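K.L.:
Task: produce atomic coordinates for the following.
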Amino acid sequence: MSLEQEVEMIRQIPVFRGIAPAMQKLLCFGSERLTYDAGQILIRVGEMADAAYVIIEGEAEISVPGPRGPVVVNTIGKNEVIGEIAIFIDQPRTATVTAMNKVEVLRISKDLFINVVRQNPDAAIELIKVLATRLANTTQQLIKHTAPK
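P.N.:
Just a heads-up that it's a prediction; the model follows:
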C-alpha cells in the first residue's frame, strides 16, 4: 500500500478524519504496518502499552478476564482504533485483542498518537466519542455475562 493509499485510509477513520493533511501523512509515515493470522494476539491484557492500532483489514475480538474465563466484550473491524486507552493512562492493557481472521493494522507509537490528539481538538472529541461508545458496549456485555443464570 502506498503512502497516498494509507493517507486515504486514515481519512476514513473518524478520529483522524478532521486532522490536517500534513499530520495525516506524518501519522502514516510514522506508523508500522503489521499482519496477524487468525488466533494471534495483537494486544494482551496486563502488558504495558507502547502503541495504538488502526485495523486496515480483518476482524478481532476484545476480551477481558472474568471469574469464569475470558469474556468477549466487543468485535472490531476495519477502520477502528484499538489499544488507545492504556497509552493515555500509562497503565497495563485492560483487555486482550485476538485476530479472528487475517488482520492488517497500522501500529501507531504512543508518542505519535498522543501528539496527534494533543494538536487536534477535533480528533480528541472523536476519540472521546469512541471511548464512550466502547464503555457503554462493554458495560452491556459484562452485565449480560455476569447476570445469574
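
K.L.:
Could you pull out the helices in this structure for me?
P.N.:
Using DSSP state H, the helices of the chain run over 3-10, 14-17, 21-29, 84-89, 110-119, 121-146.

K.L.:
Who are the contact partners of A99?
P.N.:
Residues near A99 by CB atoms under 8 Å, 6 or more residues apart in numbering: Y36, D37, A38, G39, Q40, I41, L42, G58, E59, A60. For every residue, glycine as well, the C-beta is placed using N, CA and C.

K.L.:
cutoff 7 Å now
P.N.:
Contact analysis of A99 by CB atoms under 7 Å, 6 or more residues apart in numbering lists Y36, D37, A38, G39, Q40, L42, G58, A60.

K.L.:
Between the helices of the chain, which one is closest to K102.
P.N.:
Closest of the helices of the chain to K102 is helix 3-10, at 16.6 Å (criterion: CB to CB).

K.L.:
centre of the chain versus that closest one, how much separation?
P.N.:
Here helix 3-10 is found 17 Å from its chain centre; the criterion is CA atoms, centre = their mean, to the nearest Å.

K.L.:
cool, and stretch 67-74?
P.N.:
The answer for stretch 67-74 is 18 Å, by CA atoms, centre = their mean.
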